[in-house]
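Engineer: here's my sequence, what's the structure:
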Amino acid sequence: NNSSQLSSLLLQMLFYVNGVYYIFYFLATLTMIVYKSQVFSYPDDFLAPDLLVLFIMAILEVPRLYLGSKGNLTEEEAPLGLSLVLTLGSVVLAVYFLVWQTYVLRADIILNALLLSTYGLESGLKVMAIAAFVS
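Structural biologist: This is a model prediction of the structure:
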């Protein structure tokens, strides 16, 4: 058994940054949904799905970050791979807020573009870490 460390410090730091940023993202997006429901004629049957998607995304974020962090620190590809799959789900939900939600403001575009770019960077690092663990 070789004693070299394969876990990625950059990936671990990114999990932390993503966790902190997601809290900000969630609160900002929730605030904007409330704002849009007050300022715009937000159809009632569209408000619930937008809120539901945000809460599903928040619920998904917890195991996504936990499994990614655990997989990276223990140098196990299975939790890291599962985290990668959950990230794909999160990407789809972020794209929903970027493209398909009822009203998309410039702030939504900025928040989601930043979130998607961190997901992209994180996913690339996860794939590299999994490759290092497997080899």
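Engineer: mind listing what the residue positioned nearest the centre of the chain touches?
Structural biologist: Central residue of the chain (C-alpha atoms, centre = their mean): residue 90, 5.0 Å from the mean position. Counting by C-beta atoms under 8 Å, 6 or more residues apart in numbering, residue 90 touches 57, 60-61, 64, 119. Every C-beta, even on glycine, is put in place using the N, C-alpha and C of the backbone.
Engineer: let's go with 10 Å and repeat that
Structural biologist: 18, 22, 56-57, 60-61, 64-65, 115-116, 119, 122 (C-beta atoms under 10 Å, 6 or more residues apart in numbering).
Engineer: please apply the same query to residue 26.
Structural biologist: Neighbour list for residue 26: 54-55, 57-58, 61, 111 [criterion: C-beta under 10 Å, 6+ apart].
Engineer: try 7 Å this time
Structural biologist: Listed by C-beta atoms under 7 Å, 6 or more residues apart in numbering, the contact set of residue 26 reads 54, 58.
Engineer: how close does it get to residue 100?
Structural biologist: 18 Å (C-beta to C-beta, to the nearest Å).
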